[in-house]
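Novice: Just to be clear, the model below is a prediction. Sequence and coordinates:
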2 protein chains.
Amino acid sequence: MTHHESVLAELKAAGVRLTPQRLLVLQTIAEAPGHASVEDIHRRAKQAYPYLDVATVYRTVQLLKRLNVVTEIDIGHRLHYEMAAEGARHHHMVCDECGGTYDLAPRQLESLRQRLEHEFGFRANLDHFTVTGVCAACVARAG
Amino acid sequence: MTHHESVLAELKAAGVRLTPQRLLVLQTIAEAPGHASVEDIHRRAKQAYPYLDVATVYRTVQLLKRLNVVTEIDIGHRLHYEMAAEGARHHHMVCDECGGTYDLAPRQLESLRQRLEHEFGFRANLDHFTVTGVCAACVARAG
DNA sequence: CTAGGTGCAAAGGGTTTGCTACAAC
DNA sequence: GTTGTAGCAAACCCTTTGCACCTAG
């Protein structure tokens, strides 16, 4: 069973109707390079089905988020979405200069997570973790 | 020279007009417990001067942010503001359950910052750093 | 006096919602 | 056939902006 098939199975199990619109949104998110904003998803998906409404995209990403099929990432001031892909969960570094985003493996954050738990009893949820700063390329270019 | 006085001196040095509205907004932020949203600031400040407009609050916090008098914190989906207070810079943990916010000292994040710099050459800007999760109290209460 | 700020109201961008026709099951 | 969903448009929230009047320096 491919990942795509298992996602569809999950959705059916949750009693969710598999409408063409939902499949399209799902496929669009899956095919997007990295994470995509609602606007990105809408724009790309409309190429396949021009009647698709933004409201449907909003409702669908919320549904998929609730079912843990996609994860929500807070970048700048818009929410972005990407496939949850449990096996490859990662976090992001966003460059303030060039806007580029870079992946960060969960193990990079493990020590921080443990520290917060031990010192404060705070169970950090780093699923949507994003750090901003200046990437190596921009540091090299501008200082 | 108190902190308040030095802030006023900074503003004058920057050629900023010290209007009653600006002083009121500044004072309101300074007196707020922790960080405050624009709405919080506006609501509180209006008690002293009912004609104060939200637009003025927005313009003022942006001005103060530009002058590094206040810092902007991205909590949930609204921006919050607090006095910059250089000597006591800190970060936040926000509880998803109860909405409570807790301070985090810069040293707690230092190892993370160094790791990102060494491994990726990424200069993380942790000034506005916020982690979400579940606080100790809520963990105890609900599991 | 004069540059610049204030209040007001209106516009703006992103997101949500009420409704009716329609499609998945 | 039922029940939930899509599309549409309007509402919504937070934030920004244009403008005439006013005020700090």
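Specialist: Sure thing, it's come through.
Novice: From A:F122, how far off is the nearest residue to A:N125 once chain neighbours are set aside?
Specialist: Counting by C-beta to C-beta, 6 or more residues apart in numbering or on different chains, A:N125 lies nearest to B:G133, which is 4.4 Å off, once chain neighbours are set aside. From N, CA and C alone the C-beta is placed, and that goes for glycine too. Per C-beta to C-beta, to the nearest Å, B:G133 is found 6 Å from A:F122.
Novice: which residues are in contact with both of those two?
Specialist: Counting by C-beta atoms under 8 Å, 6 or more residues apart in numbering or on different chains, the shared contacts of B:G133 and A:F122 are A:116, B:93, B:95.
Novice: Filter those residues down to just the ones in helices.
Specialist: Among these, the members falling in helices (DSSP state H) are A:L116.
Novice: can you put the shared contacts of B:G133 and A:F122 in JSON lines and add pLDDT, neighbour count and distance to A:D53?
Specialist: Formatted as JSON lines, those follow (pLDDT from 0 to 100; neighbours: other C-beta atoms under 10 Å in any protein chain shown; distance: C-beta to C-beta, whole Å):
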{"residue": "A:L116", "pLDDT": "84", "neighbour count": "20", "distance to A:D53": "41"}
{"residue": "B:M93", "pLDDT": "85", "neighbour count": "22", "distance to A:D53": "38"}
{"residue": "B:C95", "pLDDT": "82", "neighbour count": "19", "distance to A:D53": "35"}
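Novice: from the shared contacts of B:G133 and A:F122, which is closest to DNA strand D?
Specialist: Relative to DNA strand D, the closest of the shared contacts of B:G133 and A:F122 is B:C95; by C-beta to the nearest atom of the strand it sits at 19.7 Å.
Novice: Do I have it right that the closest one meets B:G133?
Specialist: Yes: counting by C-beta atoms under 8 Å, B:G133 is a contact partner of B:C95 at 6.9 Å.
Novice: Can you check which residues contact both of those two?
Specialist: Here B:C95 and B:G133 have A:F122 as joint contacts, going by C-beta under 8 Å, 6+ apart.
Novice: so A:E10 touches A:L67, yeah?
Specialist: Yes: using C-beta under 8 Å, A:E10 is in contact with A:L67, at 6.5 Å.
Novice: For chain A, which residues are neighbours of DNA strand C?
Specialist: Within reach of DNA strand C by C-beta under 7 Å from any atom of the strand, chain A has these residues: A:12, A:17-20, A:37-39, A:54-55, A:58-59, A:62, A:78-79.
Novice: still on that earlier bit, just want to know which of B:G133 and A:F122 has more residues nearby.
Specialist: Just comparing B:G133 and A:F122: by other C-beta atoms under 10 Å in any protein chain shown the higher neighbour count belongs to A:F122, 25 against 22.
Novice: How about the contacts made by that one?
Specialist: A:F122 neighbours (C-beta under 8 Å, 6+ apart): A:116, B:93, B:95, B:102, B:131, B:133-136.
Novice: Keep only those of those that are in strands.
Specialist: Judged by DSSP state E, strands contain the following of these: B:93, B:95, B:102, B:131, B:133-134.
Novice: Give me the number of neighbouring residues for A:V131.
Specialist: 21.
Novice: For A:R66, see how far away it is.
Specialist: From A:V131 across to A:R66, the span is 26 Å (C-beta to C-beta).
Novice: Likewise for A:T19?
Specialist: 16 Å.
Novice: Return the residues in contact with A:T101.
Specialist: With contact set as C-beta under 8 Å, 6+ apart, A:T101 has these partners: A:34-35, A:75, A:92-95.
Novice: Ok, A:C98 next?
Specialist: A:135, A:137-138.
Novice: Just the buried ones from those, in PyMOL syntax?
Specialist: Buried residues among the contacts of A:C98 (16 or more other C-beta atoms under 10 Å in any protein chain shown), as a PyMOL selection:
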select buried, chain A and resi 135+138
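Novice: Domain-wise, how is chain A divided?
Specialist: A:3-83, A:91-142 (automatic domain parsing).
Novice: Any idea how many residues pack against the residue nearest to A:R22 when sequence neighbours are not counted?
Specialist: What sits nearest to A:R22 in space, not counting adjacent residues and going by C-beta to C-beta, 6+ apart, is A:T60, at 5.3 Å. A:T60 is flanked by 27 other residues according to other C-beta under 10 Å.
Novice: Which elements pack onto the helix or strand encompassing A:T60?
Specialist: Assigning secondary structure by DSSP states H and E places A:T60 in helix A:54-66. Where contact means 3 or more C-beta pairs under 8 Å, 6 or more residues apart in numbering or on different chains; DSSP states H and E, helix A:54-66 is packed against helix A:20-31, helix A:38-48, strand A:70-75, strand A:78-83.
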